[in-house]
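> Got a predicted model here, sequence first, then my questions.
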Amino acid sequence: MQLTNNSLLQTQSFINGQWCDANNGDTFKVYNPADGNLLAEVADAGQEEVTHAINAADTAWSGWRELAAKERATILRRWFELILTAREDLATIMTTEQGKPLTEARNEVLYGASFIEWFAEEAKRLYGDIIPAHGRDKRLLVVKQPIGVAAAITPWNFPLAMITRKVAPALAAGCPVVIKPSELTPLSALALAKLAQQAGFPDGVFNVITSTKADVVGKTICEDSRVRKLSFTGSTAVGKLLAQQCSANVKKVSLELGGNAPFIVFDDADLDAAVTGAVISKFRNAGQTCVCTNRILVQDSVFEAFSEKFRIAVDALVVGNGFDEHTDIGPLIEERALQKVEKLIADALSNGAALLTGGYRSQSLSHGFQPTILTGVNNSMAIAQEEIFGPVATLMPFTTESEAIAIANDTSSGLAAYFYARDISRIWRVAEALEYGMVGINEGIISTEVAPFGGIKESGIGREGSKYGIDDYIELKYLCMGLSG
Ligand code: ADP
């Protein structure tokens with residue numbers, strides 16, 4: 001890997017301001033999904049090292065929370081600027097270990113950094129309240145205090161932004177952090193830690209544990225009552241398990257879990273805009289995002305026209321190595337992901353769906369999968385109920401608006417939804433009826449640090465980013481002052 005700053009390539013956990021091997025010397029291998037090449041051997045930490053990190057964070061807490069918000073903001077701002085300076089190296093590390101096209105990686109660095117800038121600013125605006133009292137001899141106040149040591153368990157699909165989206169508000173609020181990145185993409189997390197070290201976070205405030213023993217690390221975090229908050233992004237199954245484990249000590253949890261985004265095209269939509277939105281929301285990151293379109297619902301009267309335009313756009317997408325500037329779609333993260341996609345396609349075909357295009361692995365790219373469209377899909381098929389997490393679009397027709405809403409809401413997920421329409425009354429009706437935490441209206445990309453990201457139903461608990469995102473890392477304390485004494 002060619003980097004300008006080679007010190008960004010770290011292979012040890014970062015605990016209490018030190019780079020640490022696993023106590024028993026264990027390591028694990030990190031591979032490039034685009035060619036299977038070995039990239040690094042990284043410290044494989046276990047329970048002892050996690051506890052060491054929690055000890056360090058707990059010790060660092062009082063000093064960190066006592067800083068003036070502006071002092072914490074200054075360190076966060078420095079970290080933000082160091083990330084921007086290292087943008088190209090961070091994007092290179094990301095594309096190498098995760099596979100996404102370099103342009104997407106560069107954008108993720110900006111997106112990830114934006115949360116640090118935002119929460120460095122928000123740190124200074126954590127206002128409390130003075131409440132009109134219920135008696136003449138009292139004064140009532142509410143102050144906001146940091147919740148305490150915060151743990152973050154993050155996935156591989158956004159190796160950088162999923163970390164900053166959690167730890168920036170935590171650090172801004174005055175909480176030290178213990179981060180467990182995905183074992184598939186630890187190098188981006190460690191590069192972030194290197195820059196955090198340079199930014200000057202006090203020892204113990206910023207810790208990264210690299211490990212393949214996710215269950216051990218997760219259990220240790222959940223069972224340690226000094227960790228007051230767990231924020232997790234990943235699969236719904238693991239999220240449920242972690243929430244259960246956290247219930248023993250009533251640890252606060254934020255969960256950002258799977259989605260099953262509908263993308264509805266109404267007959268009054270601008271079809272060309274809808275095609276553009278559908279392509280970007282479906283195929284970004286090779287379809288491996290939790291807000292990726294999972295089901296495309298198209299009104300009968302425009303079904304043929306939309307399908308044809310969409311097929312032409314999808315056939316133009318280029319599968320390749322993320323470093324090739326022509327690449328639109330990089331490799332899937334691992335063999336297991338390809339097998340899942342193949343299984344869902346086979347199941348849909350055996351239940352009456354048909355291939356409009358694609359449906360097979362790339363001949364030229366390891367872990368590459370050809371962008372695929374299935375038509376004749378219905379909501380009872382596995383592919384319409386499970387998160388596909390690959391470059392496969394499903395098309396289903398509908399007749400009425402209420403039918404579209406019923407199909408869209410017929411899922412246990414509730415993260416992102418999208419629809420294209422122009423009638424203003426319809427836009428309000430549909431926006432209000434969709435049971436989702438986020439709705440893109442004539443927009444296929446909706447993520448930004450200034451808006452609340454999160455889901456309802458089984459898609460999660462809590463919101464990330466925006467003025468609301470810091471709430472998950474604070475506790476309200478009510479002060480009742482009697483004046484009679
Ligand atoms: P994905 O299918 O997207 O990889 P996972 O939920 O398996 O989603 O992974 C998301 C994160 O959760 C990763 O950091 C992974 O190591 C971690 N993880 C997986 N299993 C567990 C577990 N039992 N306890 C705690 N963390 C886990």
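Yep, it's here.

> Give the closest residue to F310 in space, chain neighbours not counted.
V275 (5.2 Å; C-beta to C-beta, 6 or more residues apart in numbering). (Each C-beta comes from the backbone N, C-alpha and C, glycine too.)

> secondary structure element for the one you found?
Using DSSP states H and E, V275 sits in helix 271-283.

> what's next to that helix, contact-wise?
Applying C-beta atoms under 8 Å, 6 or more residues apart in numbering, the contact partners of helix 271-283 are 261, 263, 265, 291-293, 296, 302, 305-306, 309-310, 313-314, 317, 328-329, 371, 391, 393, 418, 420, 440, 442-445.

> one more time with 7 Å
Counting contacts by C-beta atoms under 7 Å, 6 or more residues apart in numbering, the residues outside helix 271-283 that touch it are 263, 265, 292-293, 296, 302, 305-306, 309-310, 313-314, 317, 328-329, 371, 391, 393, 418, 420, 442-445.

> which outside residues touch stretch 101-114?
Against stretch 101-114 from outside (C-beta under 7 Å, 6+ apart): 80, 83-84, 87, 90-91, 94-95, 158, 160-161, 164, 284-285, 322-323, 327-328, 330, 447, 449.

> out of the residues you listed, which are buried?
80, 83, 87, 90-91, 94-95, 158, 160-161, 164, 284-285, 322, 327-328, 330, 447, 449 (16 or more other C-beta atoms under 10 Å).

> Show me those residues that map onto helices.
Judged by DSSP state H, the subset of those located in helices is 80, 83, 87, 90-91, 94-95, 161, 164.

> Any chance of CSV for the residues you listed, columns pLDDT?
Below are those laid out as CSV (pLDDT from 0 to 100):
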residue, pLDDT
F80, 98
I83, 98
R87, 98
L90, 98
A91, 98
M94, 98
T95, 98
A161, 98
T164, 98
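
> Please report how far the closest residue to the ligand within the chain lies from L184.
Nearest residue of the chain to the ligand, counting by C-beta to the nearest ligand atom: G218, 2.3 Å away. Going from G218 to L184 by C-beta to C-beta, to the nearest Å gives 16 Å.

> Just want to know which of the two has more residues nearby.
Ranked by neighbour count (other C-beta atoms under 10 Å), G218 and L184 place G218 first, with 22 against 18.

> what's the more buried one in contact with, if anything?
So G218 contacts 153, 242, 245 (C-beta under 7 Å, 6+ apart).

> Next: E386.
Here E386 is in contact with L344 (C-beta under 7 Å, 6+ apart).

> Of all the residues in the host helix or strand of K309, which ones are buried?
Element membership of K309 [criterion: DSSP H and E] is helix 300-315. Residues of helix 300-315 classed as buried: 302-303, 306-307, 309-311, 313-314 (neighbour count, 16+ other C-beta under 10 Å).

> what's the answer for stretch 232-246, then?
Those would be 232-234, 236, 238-239, 241-243, 245-246, for stretch 232-246 by 16+ other C-beta under 10 Å.

> Look up how far A60 lies from the nearest residue to I15 once chain neighbours are set aside.
In space, and not counting its chain neighbours, I15 is closest to A53: 4.7 Å by C-beta to C-beta, 6+ apart. The gap separating A53 from A60 is 10 Å, by C-beta to C-beta.

> neighbour-wise, which of those two wins?
Shown here are A53 and A60; by other C-beta under 10 Å, A53 has more neighbours (32 against 22).

> Help me confirm that that one is found in a helix?
Yes. Checked against DSSP: H, G, I helix; E, B strand; the rest coil, A53 lies within a helix.

> Contacts only, for it.
15, 178, 207, 209.

> how about the strands in the stretch 51-200 of the chain?
129-131, 138-146, 149-153, 177-180 (DSSP state E, counting those that start in this stretch).

> and those as a markdown table, adding mean neighbour count, mean pLDDT and distance to G414?
Formatted as a markdown table, the strands of the stretch 51-200 of the chain follow (neighbours: other C-beta atoms under 10 Å; pLDDT from 0 to 100; distance: least, C-beta to C-beta, whole Å):
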| stretch | mean neighbour count | mean pLDDT | distance to G414 |
| --- | --- | --- | --- |
| strand 129-131 | 12 | 98 | 31 |
| strand 138-146 | 16 | 98 | 28 |
| strand 149-153 | 28 | 98 | 21 |
| strand 177-180 | 28 | 99 | 26 |
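
> count of neighbours near the residue nearest to F310?
Neighbours of V275 using other C-beta under 10 Å come to 24.

> next one: P33
For P33, the neighbour count with other C-beta under 10 Å is 27.

> for it, helix, strand, or coil?
From three-state DSSP, the assignment for P33 is coil.

> Pull the contacting residues for the nearest residue to V177 once chain neighbours are set aside.
Computed as C-beta to C-beta, 6+ apart, the closest residue to V177 that is not its neighbour in sequence is V167, at 4.6 Å. By C-beta under 7 Å, 6+ apart, V167 lies in contact with 152, 177, 179.

> you'd agree L395 is in a helix?
No. Counting by three-state DSSP, L395 is not part of a helix but strand.

> so what's it up against?
L395 neighbours (C-beta under 7 Å, 6+ apart): 296, 298, 307, 373-375, 377.

> Equivalent analysis for S182, please.
Counting by C-beta under 7 Å, 6+ apart, S182 touches 154-156, 159.

> try 10 Å this time
Residues near S182 by C-beta atoms under 10 Å, 6 or more residues apart in numbering: 97-98, 153-159, 162, 188-189, 210, 212, 214, 233-234, 333.

> From P262, how far out is M162?
23 Å.

> more crowded one of the two?
Applying other C-beta under 10 Å to M162 and P262 shows that M162 carries more neighbours, namely 31 against 27.

> three-state assignment of R429?
Taking three-state DSSP, the label given to R429 is helix.

> so what's it closest to, chain neighbours aside?
Nearest non-adjacent residue to R429 (C-beta to C-beta, 6+ apart): E401, at 7.1 Å.

> burial of the one you found, as a residue count?
The burial count for E401: 19, using other C-beta under 10 Å.

> Output the ones in helices among the buried ones among the contacts of stretch 101-114 in JSON lines, with distance to S459 appended to each entry.
JSON lines is the format used below for these (distance: C-beta to C-beta, whole Å):
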{"residue": "F80", "distance to S459": "29"}
{"residue": "I83", "distance to S459": "28"}
{"residue": "R87", "distance to S459": "30"}
{"residue": "L90", "distance to S459": "28"}
{"residue": "A91", "distance to S459": "28"}
{"residue": "M94", "distance to S459": "25"}
{"residue": "T95", "distance to S459": "28"}
{"residue": "A161", "distance to S459": "18"}
{"residue": "T164", "distance to S459": "21"}
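
> So F369 is in contact with R361, correct?
Yes. Using C-beta atoms under 10 Å, F369 makes contact with R361 at a distance of 5.7 Å.

> what do those two both touch?
Joint contacts of F369 and R361 (C-beta under 10 Å, 6+ apart) are 319, 332, 338, 341-342.

> circling back: okay, the residue nearest to V177 and L90: tell me how far apart.
From V167 to L90 the distance is 15 Å (C-beta to C-beta).

> got a list of what the spatially most central residue of the chain touches?
What sits nearest the mean C-alpha location of the chain, by C-alpha atoms, centre = their mean, is M162, with 4.5 Å. Contacts for M162 (C-beta under 10 Å, 6+ apart) come out as 108, 112, 115, 152-156, 179, 181-182, 185, 188-189, 231-234, 256, 290, 464.
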